[in-house]
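Undergrad: Provide a 3D model corresponding to the input given below.
(chains A, B, C and D)
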2 protein chains.
Amino acid sequence: MIEISDAELSIMHCIWQHHPCTAAQVIEQLQHKAWHEKTIKTLLNRLISKGALSYQKQGKAYIYSPCIEQHAYQQQASSSFIKKLFAGRLTPLVASFSQQHTVSADDLAALKQLVAKLEQEGKNHD
Amino acid sequence: MIEISDAELSIMHCIWQHHPCTAAQVIEQLQHKAWHEKTIKTLLNRLISKGALSYQKQGKAYIYSPCIEQHAYQQQASSSFIKKLFAGRLTPLVASFSQQHTVSADDLAALKQLVAKLEQEGKNHD
DNA sequence: CTTTATGGATTACAGATGTAATCACTAGGG
DNA sequence: CCCTAGTGATTACATCTGTAATCCATAAAG
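TA: Model (predicted):
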């Protein structure tokens, strides 16, 4: 399982959104992070080593693309997080989160719909 | 904000469940981890340093107790996890998780009820 | 052709983490 | 009174992480 650190994850988010893109573009996109250019290069290299990114040469620069889909990574990460903190149960997480944060009406509506869908699927399994 | 690493978290889980307890008891409880006794002592010490645990002397041994409630830690951790991976939105996490794991009927029922409660609270705010 | 800017590769270095080993103290067994 | 076992304290050490700096190659500028 590919482990991506916090700083690296910011790079991945950028590349998931804008891929394929060059280091210069990543640096451009992540200006708000106030990271040194060298720092971003290092993180890109580490992500290559980890097999999270791939690249193609284009002239002297590299063009980066993700090797792992954002969706797949989110699944992997949320699964292990919930296992680690909530003994693998989803509802306590939702409860915990919603005790602290107001869930927007939109988000709540989407959640309701999702729950309905899951219920439906559950019934179909009978 | 107290940062607790994965290995340390296993210690905390044990102490959250059994506190107050001695190092020997923690070691006993965590046999399945196959950790060396010394490893557990080290982790206990680090948790003390971080302010996650406190202790009282009882004879020559220490009695450990958590300084942070499990609930509080779960909130803090899930909040930052959801911010980091799902741009702070809860529903995508639920969706992601449920695509991979079957949510038990019980869990789903609890979730539905929770959603209903949140909706109610939302309305009351009008 | 020489200098300079730009991009990747390598090296740096402190702090966190996983995983222990060694040190030091004290109470109990012989 | 001396040795041993259990307990906390200190030290160890490789790897990962955050955050860069330095090195090296090359294309563009002069």
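Undergrad: Number of residues surrounding the residue lying closest to A:E37 once chain neighbours are set aside?
TA: Among residues not flanking A:E37 along the chain, A:I27 sits closest, at 5.5 Å (CB to CB, 6 or more residues apart in numbering or on different chains). C-betas here are computed from N, CA, C, even on glycine. By other CB atoms under 10 Å in any protein chain shown, 19 other residues sit near A:I27.
Undergrad: I'd guess A:I27 is in a helix, am I close?
TA: Yes. Counting by DSSP: H, G, I helix; E, B strand; the rest coil, A:I27 is located in a helix.
Undergrad: isn't it right next to A:K38, touching?
TA: No. A:I27 is beyond contact range of A:K38, at 9.9 Å (criterion: CB atoms under 8 Å).
Undergrad: element containing A:F97?
TA: Using DSSP states H and E, A:F97 falls within helix A:90-100.
Undergrad: How far away from the center of its chain is the helix or strand following that helix?
TA: Following helix A:90-100 in sequence order, the next helix or strand is helix A:105-124 (DSSP H and E). Here the centre of helix A:105-124 is set off from its chain's centre by 23 Å, with CA atoms, centre = their mean, to the nearest Å.
Undergrad: Check stretch A:103-120 too.
TA: That offset, for stretch A:103-120, works out to 21 Å (CA atoms, centre = their mean).
Undergrad: Could you list the buried residues of that stretch?
TA: Buried residues in stretch A:103-120, counting neighbours by 16 or more other CB atoms under 10 Å in any protein chain shown, are found at A:V103, A:D107, A:L108, A:A110, A:L111, A:K112, A:L114, A:V115, A:L118, A:E119.
Undergrad: Report the inter-axis angle for the helix or strand bottoming out on mean pLDDT in chain A versus helix B:105-124.
TA: Using mean pLDDT, DSSP states H and E, the weakest-scoring helix or strand in chain A turns out to be helix A:105-124, at a mean of 88. Computed by axes from the mean of the first three to the mean of the last three CA atoms, to 10 degrees, the angle separating helix A:105-124 from helix B:105-124 equals 150 degrees.
Undergrad: Contacts for helix A:105-124, please.
TA: Applying CB atoms under 8 Å, 6 or more residues apart in numbering or on different chains, the contact partners of helix A:105-124 are A:94, A:103, B:89-91, B:94-95, B:98, B:103, B:105, B:108, B:111-112, B:115, B:118-119, B:122.
Undergrad: Give me the angle between that helix and helix B:90-100.
TA: Going by the same axes, to 10 degrees, helix A:105-124 makes 20 degrees with helix B:90-100.
Undergrad: Is there proximity between stretch A:83-90 and DNA strand D?
TA: No. Counting by CB under 7 Å from any atom of the strand, DNA strand D has no neighbours in stretch A:83-90; the shortest distance is 14.5 Å.
Undergrad: near chain B at all, that stretch?
TA: Yes. With CB under 8 Å from any CB of the partner chain as the criterion, chain B is reached by stretch A:83-90 at A:K84, A:L85, A:F86, A:G88, A:R89, A:L90.
Undergrad: Ends of that stretch, what's the gap?
TA: From its first residue to its last, stretch A:83-90 covers 9 Å (CA to CA, to the nearest Å).
Undergrad: Need the contact partners of it.
TA: Taking CB under 8 Å, 6+ apart as the rule, stretch A:83-90 contacts A:82, A:92-93, A:96, B:6, B:9, B:74, B:77-78, B:94, B:97-98, B:101, B:103, B:107, B:111.
Undergrad: closest to DNA strand C among those?
TA: Nearest to DNA strand C among those, counting by CB to the nearest atom of the strand, is B:D6 at 3.6 Å.
Undergrad: And that closest one, what's its pLDDT?
TA: In this model, B:D6 is scored at 97, pLDDT.
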